[in-house]
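Chemist: here is my input, please return the structure:
(one chain, ligands or ions: 1)
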Amino acid sequence: MLTPLTGRSVIVTGASKGIGKGIALRFGAVGAKVLVVSRKIEDAEAVAGEIVAAGGTARGVAADVSSADDMTAMAEAAVAAHGGIDILCANAGIFPTVPLAEMSVGDYDKVMDTNVKGTFLAVTACLPAMKAKRNGRIVLTSSITGPITGVPFMTHYAASKAAQLGFMRAAALELAPWRITVNAVLPGNIATEGLAGLGPEHVKQMEASVPLRRLGSVFDIANAALFLASDEASYITAQSIVVDGGQILPEGGMMAPELDPAA
Ligand code: NAP
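Modeler: Residues are numbered from 1 along each chain as shown. Next up is the predicted model:
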(Lines give C-alpha, C1' and ligand atoms only; values in the text may rest on other atoms or scores of the structure.)
Protein backbone atom coordinates (compact mmCIF):
# COMPACT_ATOMS: atom_id res chain seq x y z
CA MET A 1 0.00 0.00 0.00
CA LEU A 2 1.47 3.35 -1.06
CA THR A 3 1.18 6.47 1.11
CA PRO A 4 -1.84 8.36 -0.31
CA LEU A 5 -1.02 11.33 -2.55
CA THR A 6 -3.88 13.33 -1.04
CA GLY A 7 -3.47 17.03 -1.80
CA ARG A 8 -0.29 16.67 -3.87
CA SER A 9 -0.17 18.90 -6.93
CA VAL A 10 0.50 16.99 -10.14
CA ILE A 11 0.86 18.24 -13.71
CA VAL A 12 0.26 15.75 -16.52
CA THR A 13 1.13 16.87 -20.05
CA GLY A 14 -0.62 15.26 -23.00
CA ALA A 15 -3.44 14.32 -20.65
CA SER A 16 -6.50 14.76 -22.86
CA LYS A 17 -6.12 11.31 -24.40
CA GLY A 18 -4.36 7.98 -24.15
CA ILE A 19 -1.67 7.34 -21.55
CA GLY A 20 -1.71 10.89 -20.18
CA LYS A 21 -5.46 10.70 -19.59
CA GLY A 22 -4.95 7.39 -17.77
CA ILE A 23 -2.26 8.95 -15.59
CA ALA A 24 -4.44 11.99 -14.83
CA LEU A 25 -7.47 9.84 -13.89
CA ARG A 26 -5.32 7.56 -11.70
CA PHE A 27 -3.72 10.46 -9.78
CA GLY A 28 -7.14 12.12 -9.47
CA ALA A 29 -8.56 8.92 -7.99
CA VAL A 30 -5.92 8.84 -5.23
CA GLY A 31 -6.62 12.41 -4.13
CA ALA A 32 -3.96 14.40 -6.00
CA LYS A 33 -4.82 17.83 -7.41
CA VAL A 34 -4.38 17.37 -11.15
CA LEU A 35 -3.53 19.92 -13.83
CA VAL A 36 -4.64 18.32 -17.11
CA VAL A 37 -2.61 19.73 -20.02
CA SER A 38 -3.11 19.46 -23.79
CA ARG A 39 -3.20 21.85 -26.70
CA LYS A 40 -7.01 21.74 -26.96
CA ILE A 41 -8.64 23.36 -23.94
CA GLU A 42 -12.01 21.65 -24.40
CA ASP A 43 -10.38 18.19 -24.35
CA ALA A 44 -8.25 19.07 -21.28
CA GLU A 45 -11.31 20.42 -19.48
CA ALA A 46 -13.33 17.31 -20.33
CA VAL A 47 -10.76 15.07 -18.58
CA ALA A 48 -10.57 17.47 -15.63
CA GLY A 49 -14.38 17.31 -15.50
CA GLU A 50 -14.26 13.49 -15.29
CA ILE A 51 -11.90 13.71 -12.31
CA VAL A 52 -14.08 16.28 -10.56
CA ALA A 53 -17.24 14.26 -11.28
CA ALA A 54 -15.58 11.30 -9.55
CA GLY A 55 -14.97 13.45 -6.45
CA GLY A 56 -11.43 14.62 -7.25
CA THR A 57 -9.74 17.97 -7.82
CA ALA A 58 -8.60 18.96 -11.30
CA ARG A 59 -8.45 21.72 -13.83
CA GLY A 60 -7.66 21.79 -17.54
CA VAL A 61 -5.23 24.13 -19.26
CA ALA A 62 -4.25 24.54 -22.90
CA ALA A 63 -0.50 24.49 -23.48
CA ASP A 64 1.88 23.29 -26.16
CA VAL A 65 4.90 21.56 -24.63
CA SER A 66 7.13 22.88 -27.42
CA SER A 67 6.46 26.49 -26.35
CA ALA A 68 8.55 27.94 -23.52
CA ASP A 69 5.89 30.58 -22.82
CA ASP A 70 3.15 27.95 -22.62
CA MET A 71 5.21 25.82 -20.22
CA THR A 72 5.86 28.82 -17.96
CA ALA A 73 2.13 29.62 -17.97
CA MET A 74 1.33 25.96 -17.22
CA ALA A 75 3.59 25.91 -14.17
CA GLU A 76 2.16 29.24 -12.97
CA ALA A 77 -1.38 27.86 -13.36
CA ALA A 78 -0.52 24.84 -11.18
CA VAL A 79 1.00 27.05 -8.49
CA ALA A 80 -1.97 29.45 -8.55
CA ALA A 81 -4.65 26.74 -8.56
CA HIS A 82 -3.03 23.99 -6.49
CA GLY A 83 -0.50 25.79 -4.28
CA GLY A 84 2.71 24.47 -5.84
CA ILE A 85 4.01 21.56 -7.90
CA ASP A 86 4.90 18.21 -6.33
CA ILE A 87 4.86 15.94 -9.36
CA LEU A 88 5.35 16.43 -13.09
CA CYS A 89 4.40 13.66 -15.50
CA ALA A 90 6.02 14.81 -18.76
CA ASN A 91 4.05 12.56 -21.04
CA ALA A 92 3.06 14.51 -24.18
CA GLY A 93 4.56 12.98 -27.28
CA ILE A 94 3.89 12.26 -30.94
CA PHE A 95 4.86 9.25 -33.03
CA PRO A 96 4.37 9.79 -36.76
CA THR A 97 5.89 7.32 -39.25
CA VAL A 98 8.08 8.48 -42.18
CA PRO A 99 10.67 6.48 -44.17
CA LEU A 100 14.13 7.81 -43.38
CA ALA A 101 14.91 8.62 -47.01
CA GLU A 102 11.79 10.78 -47.24
CA MET A 103 12.08 12.43 -43.83
CA SER A 104 12.19 16.22 -44.08
CA VAL A 105 13.94 18.47 -41.60
CA GLY A 106 10.45 19.68 -40.68
CA ASP A 107 9.31 16.09 -39.89
CA TYR A 108 12.38 15.54 -37.72
CA ASP A 109 12.13 18.89 -35.94
CA LYS A 110 8.44 18.41 -35.11
CA VAL A 111 9.11 15.14 -33.29
CA MET A 112 12.18 16.50 -31.50
CA ASP A 113 10.38 19.74 -30.57
CA THR A 114 7.50 17.86 -28.96
CA ASN A 115 9.24 14.86 -27.43
CA VAL A 116 12.67 16.19 -26.44
CA LYS A 117 12.41 19.97 -26.28
CA GLY A 118 8.92 19.48 -24.78
CA THR A 119 10.41 17.37 -21.97
CA PHE A 120 13.14 19.96 -21.33
CA LEU A 121 10.67 22.88 -21.29
CA ALA A 122 8.09 21.14 -19.08
CA VAL A 123 10.77 20.12 -16.56
CA THR A 124 12.54 23.49 -16.42
CA ALA A 125 9.24 25.36 -16.06
CA CYS A 126 8.37 23.28 -12.98
CA LEU A 127 11.78 23.52 -11.30
CA PRO A 128 11.34 26.82 -9.40
CA ALA A 129 8.20 25.50 -7.65
CA MET A 130 9.78 22.10 -6.92
CA LYS A 131 13.03 23.63 -5.68
CA ALA A 132 11.05 25.91 -3.36
CA LYS A 133 9.65 22.76 -1.70
CA ARG A 134 13.05 21.00 -1.79
CA ASN A 135 11.19 17.97 -3.00
CA GLY A 136 9.75 16.76 -6.26
CA ARG A 137 9.00 13.86 -8.57
CA ILE A 138 9.47 13.99 -12.32
CA VAL A 139 8.22 11.03 -14.33
CA LEU A 140 8.92 10.96 -18.07
CA THR A 141 6.99 8.83 -20.55
CA SER A 142 9.69 7.44 -22.83
CA SER A 143 9.22 4.18 -24.79
CA ILE A 144 10.81 0.81 -25.45
CA THR A 145 11.27 2.16 -29.02
CA GLY A 146 14.68 3.79 -29.15
CA PRO A 147 16.08 2.95 -25.70
CA ILE A 148 15.70 -0.83 -26.27
CA THR A 149 14.06 -1.72 -29.59
CA GLY A 150 13.71 -0.23 -33.07
CA VAL A 151 10.73 0.23 -35.40
CA PRO A 152 11.17 1.00 -39.12
CA PHE A 153 10.02 4.46 -40.23
CA MET A 154 10.32 5.84 -36.69
CA THR A 155 13.97 6.91 -36.63
CA HIS A 156 13.16 10.41 -35.37
CA TYR A 157 10.81 9.02 -32.74
CA ALA A 158 13.29 6.36 -31.58
CA ALA A 159 16.02 9.01 -31.30
CA SER A 160 13.70 11.28 -29.30
CA LYS A 161 12.74 8.57 -26.81
CA ALA A 162 16.39 7.58 -26.23
CA ALA A 163 17.25 11.27 -25.82
CA GLN A 164 14.72 11.53 -22.98
CA LEU A 165 16.73 8.95 -21.02
CA GLY A 166 20.00 10.84 -21.49
CA PHE A 167 18.23 13.97 -20.29
CA MET A 168 16.84 12.02 -17.33
CA ARG A 169 20.26 10.80 -16.14
CA ALA A 170 21.94 14.20 -16.22
CA ALA A 171 18.91 15.98 -14.73
CA ALA A 172 18.63 13.40 -11.93
CA LEU A 173 22.20 14.14 -10.84
CA GLU A 174 21.73 17.87 -11.06
CA LEU A 175 18.44 17.89 -9.12
CA ALA A 176 19.36 15.37 -6.44
CA PRO A 177 20.43 18.10 -3.93
CA TRP A 178 16.82 19.37 -3.94
CA ARG A 179 15.49 15.81 -3.42
CA ILE A 180 13.87 15.97 -6.85
CA THR A 181 13.89 12.54 -8.52
CA VAL A 182 13.71 12.00 -12.28
CA ASN A 183 12.61 8.61 -13.61
CA ALA A 184 10.96 7.21 -16.72
CA VAL A 185 8.31 4.71 -17.70
CA LEU A 186 9.03 2.83 -20.95
CA PRO A 187 5.70 1.64 -22.36
CA GLY A 188 5.45 -1.14 -24.88
CA ASN A 189 2.36 -1.06 -27.08
CA ILE A 190 -0.50 0.56 -25.20
CA ALA A 191 -4.06 0.77 -26.50
CA THR A 192 -4.48 4.52 -27.12
CA GLU A 193 -5.90 6.80 -29.77
CA GLY A 194 -2.33 7.47 -30.92
CA LEU A 195 -1.51 3.77 -31.31
CA ALA A 196 -4.74 3.17 -33.23
CA GLY A 197 -3.54 5.90 -35.60
CA LEU A 198 -0.68 3.62 -36.71
CA GLY A 199 -3.30 1.38 -38.37
CA PRO A 200 -4.95 -2.01 -37.70
CA GLU A 201 -2.05 -4.02 -39.20
CA HIS A 202 0.46 -2.43 -36.81
CA VAL A 203 -1.85 -3.01 -33.86
CA LYS A 204 -2.47 -6.68 -34.85
CA GLN A 205 1.25 -7.34 -35.31
CA MET A 206 2.10 -5.77 -31.97
CA GLU A 207 -0.64 -7.63 -30.13
CA ALA A 208 0.67 -10.94 -31.49
CA SER A 209 4.18 -10.15 -30.23
CA VAL A 210 3.29 -9.63 -26.56
CA PRO A 211 3.92 -12.67 -24.33
CA LEU A 212 1.13 -11.62 -21.94
CA ARG A 213 -1.21 -11.78 -24.97
CA ARG A 214 -2.71 -8.28 -24.86
CA LEU A 215 -1.86 -4.67 -25.56
CA GLY A 216 -1.19 -2.63 -22.45
CA SER A 217 -3.89 -0.43 -20.94
CA VAL A 218 -3.26 3.20 -20.07
CA PHE A 219 -3.64 2.25 -16.42
CA ASP A 220 -0.74 -0.21 -16.67
CA ILE A 221 1.43 2.83 -17.38
CA ALA A 222 -0.38 5.05 -14.86
CA ASN A 223 0.29 2.54 -12.08
CA ALA A 224 4.03 2.63 -12.78
CA ALA A 225 3.98 6.45 -12.86
CA LEU A 226 2.07 6.47 -9.57
CA PHE A 227 4.73 4.29 -7.95
CA LEU A 228 7.60 6.46 -9.23
CA ALA A 229 5.78 9.53 -7.88
CA SER A 230 5.12 7.97 -4.48
CA ASP A 231 6.89 8.55 -1.18
CA GLU A 232 7.93 4.90 -1.31
CA ALA A 233 10.02 5.63 -4.44
CA SER A 234 11.95 8.47 -2.80
CA TYR A 235 15.30 6.62 -3.08
CA ILE A 236 14.88 5.79 -6.79
CA THR A 237 16.24 8.23 -9.36
CA ALA A 238 17.45 8.06 -12.98
CA GLN A 239 15.80 4.67 -13.46
CA SER A 240 13.40 3.39 -16.05
CA ILE A 241 10.63 0.82 -15.71
CA VAL A 242 9.65 -1.17 -18.80
CA VAL A 243 5.90 -1.84 -18.90
CA ASP A 244 5.38 -3.95 -22.01
CA GLY A 245 3.78 -7.31 -21.17
CA GLY A 246 7.16 -8.93 -21.85
CA GLN A 247 7.31 -7.67 -25.45
CA ILE A 248 11.07 -7.01 -25.53
CA LEU A 249 11.84 -10.50 -24.21
CA PRO A 250 11.28 -13.20 -26.88
CA GLU A 251 14.53 -14.34 -28.49
CA GLY A 252 13.97 -14.67 -32.23
CA GLY A 253 10.27 -14.02 -31.65
CA MET A 254 9.85 -17.31 -29.74
CA MET A 255 6.97 -17.41 -27.29
CA ALA A 256 5.40 -20.17 -25.22
CA PRO A 257 2.49 -21.90 -27.03
CA GLU A 258 -1.10 -20.89 -26.29
CA LEU A 259 -2.73 -22.86 -23.49
CA ASP A 260 -5.30 -25.46 -24.51
CA PRO A 261 -8.60 -23.78 -23.49
CA ALA A 262 -10.01 -27.20 -22.60
CA ALA A 263 -7.13 -28.09 -20.25
P1 NAP B 1 -2.05 9.96 -27.89
O2 NAP B 1 -3.16 8.98 -27.66
O3 NAP B 1 -1.81 10.43 -29.28
O4 NAP B 1 -2.25 11.22 -26.94
C5 NAP B 1 -1.28 12.23 -26.98
C6 NAP B 1 -1.64 13.33 -26.01
O7 NAP B 1 -0.60 14.33 -26.07
C8 NAP B 1 -2.93 14.04 -26.33
O9 NAP B 1 -3.52 14.46 -25.12
C10 NAP B 1 -2.46 15.26 -27.12
O11 NAP B 1 -3.44 16.29 -27.05
C12 NAP B 1 -1.17 15.60 -26.39
N13 NAP B 1 -0.17 16.36 -27.15
C14 NAP B 1 0.37 16.04 -28.35
N15 NAP B 1 1.25 17.00 -28.72
C16 NAP B 1 1.27 17.92 -27.72
C17 NAP B 1 1.96 19.13 -27.51
N18 NAP B 1 2.82 19.61 -28.41
N19 NAP B 1 1.74 19.82 -26.38
C20 NAP B 1 0.86 19.36 -25.45
N21 NAP B 1 0.17 18.22 -25.58
C22 NAP B 1 0.36 17.51 -26.72
O23 NAP B 1 -0.64 9.35 -27.41
P24 NAP B 1 -0.31 8.13 -26.41
O25 NAP B 1 -0.31 6.87 -27.17
O26 NAP B 1 -1.14 8.26 -25.19
O27 NAP B 1 1.23 8.48 -26.07
C28 NAP B 1 1.56 9.30 -24.96
C29 NAP B 1 3.05 9.18 -24.67
O30 NAP B 1 3.37 7.80 -24.49
C31 NAP B 1 3.95 9.69 -25.77
O32 NAP B 1 5.07 10.33 -25.21
C33 NAP B 1 4.40 8.42 -26.50
O34 NAP B 1 5.64 8.56 -27.11
C35 NAP B 1 4.45 7.46 -25.34
N36 NAP B 1 4.33 6.05 -25.74
C37 NAP B 1 3.14 5.56 -26.22
C38 NAP B 1 3.05 4.21 -26.58
C39 NAP B 1 1.77 3.57 -27.05
O40 NAP B 1 1.79 2.38 -27.41
N41 NAP B 1 0.64 4.25 -27.09
C42 NAP B 1 4.18 3.39 -26.48
C43 NAP B 1 5.36 3.93 -26.00
C44 NAP B 1 5.43 5.27 -25.62
P45 NAP B 1 -3.51 17.54 -28.10
O46 NAP B 1 -3.32 16.94 -29.46
O47 NAP B 1 -4.85 18.15 -27.87
O48 NAP B 1 -2.41 18.45 -27.70
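Chemist: show me the longest strand that occurs in the chain.
Modeler: When the chain is parsed with DSSP state E, its longest strand is strand 180-187.
Chemist: other SSEs contacting the following helix or strand past it?
Modeler: Moving toward the C-terminus from strand 180-187, the first helix or strand encountered (DSSP states H and E) is helix 193-196. Helix 193-196 sits against helix 18-29, helix 200-208, with contacts defined as 3 or more Cβ pairs under 8 Å, 6 or more residues apart in numbering; DSSP states H and E. No exception for glycine: its C-beta is placed from N, CA and C like everyone else's.
Chemist: so who does the residue lying closest to residue 247 once chain neighbours are set aside touch?
Modeler: In space, residue 247 comes closest to residue 188 once its chain neighbours are excluded; the distance is 4.2 Å by Cβ to Cβ, 6 or more residues apart in numbering. Contact analysis of residue 188 by Cβ atoms under 8 Å, 6 or more residues apart in numbering lists 144, 206, 210, 216, 242, 243, 244, 245, 247, 248.
Chemist: apply 6 Å and report the result again.
Modeler: 144, 216, 244, 245, 247 (Cβ atoms under 6 Å, 6 or more residues apart in numbering).
Chemist: what's the spacing between it and residue 77?
Modeler: Here the criterion is Cβ to Cβ, to the nearest Å. By it, residue 188 lies 32 Å from residue 77.
Chemist: what segments of this protein are helices?
Modeler: For the chain, the helices defined by DSSP state H cover 18-29, 41-53, 68-82, 105-112, 118-133, 155-175, 193-196, 200-208, 218-228.
Chemist: quickly, which of the ones you listed bottoms out on average pLDDT?
Modeler: The weakest mean pLDDT among the helices of the chain belongs to helix 200-208, with a mean of 91.
Chemist: which positions in it come out as buried?
Modeler: Neighbour-count burial for helix 200-208 flags 203, 206 (criterion: 16 or more other Cβ atoms under 10 Å).
Chemist: what about it and the ligand, touching?
Modeler: No: remark: helix 200-208 sits outside contact range of the ligand, by Cβ under 6 Å from any ligand atom, the gap being at least 7.9 Å.
Chemist: so which residues on the stretch 1-150 of the chain come close to the ligand?
Modeler: So far as Cβ under 6 Å from any ligand atom goes, the stretch 1-150 of the chain lies against the ligand at 13-20, 38-40, 43, 64-66, 91-95, 114, 118, 141, 143.
Chemist: may I see the PyMOL selection of the buried members of the residues you listed?
Modeler: Command for PyMOL that selects the buried part of those, burial taken from 16+ other Cβ under 10 Å:
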select buried, resi 13+14+15+16+17+18+19+20+38+39+43+64+65+66+91+92+93+94+95+114+118+141+143
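Chemist: now, the residues of the stretch 1-150 of the chain next to the ligand that are in strands?
Modeler: 13, 38, 141.
Chemist: quickly list what the last one is bridged to.
Modeler: In other words, residue 141. Per DSSP bridges, the residues bridged to residue 141 are residue 185.
Chemist: surely it meets residue 91?
Modeler: Yes: using Cβ atoms under 6 Å, residue 141 is in contact with residue 91, at 4.1 Å.
Chemist: find residues that contact each of those two.
Modeler: The contact sets of residue 141 and residue 91 do not overlap (Cβ under 6 Å, 6+ apart).
Chemist: so which of the helices and strands packed on helix 193-196 gets nearest residue 134?
Modeler: helix 18-29 (21.5 Å; Cβ to Cβ).
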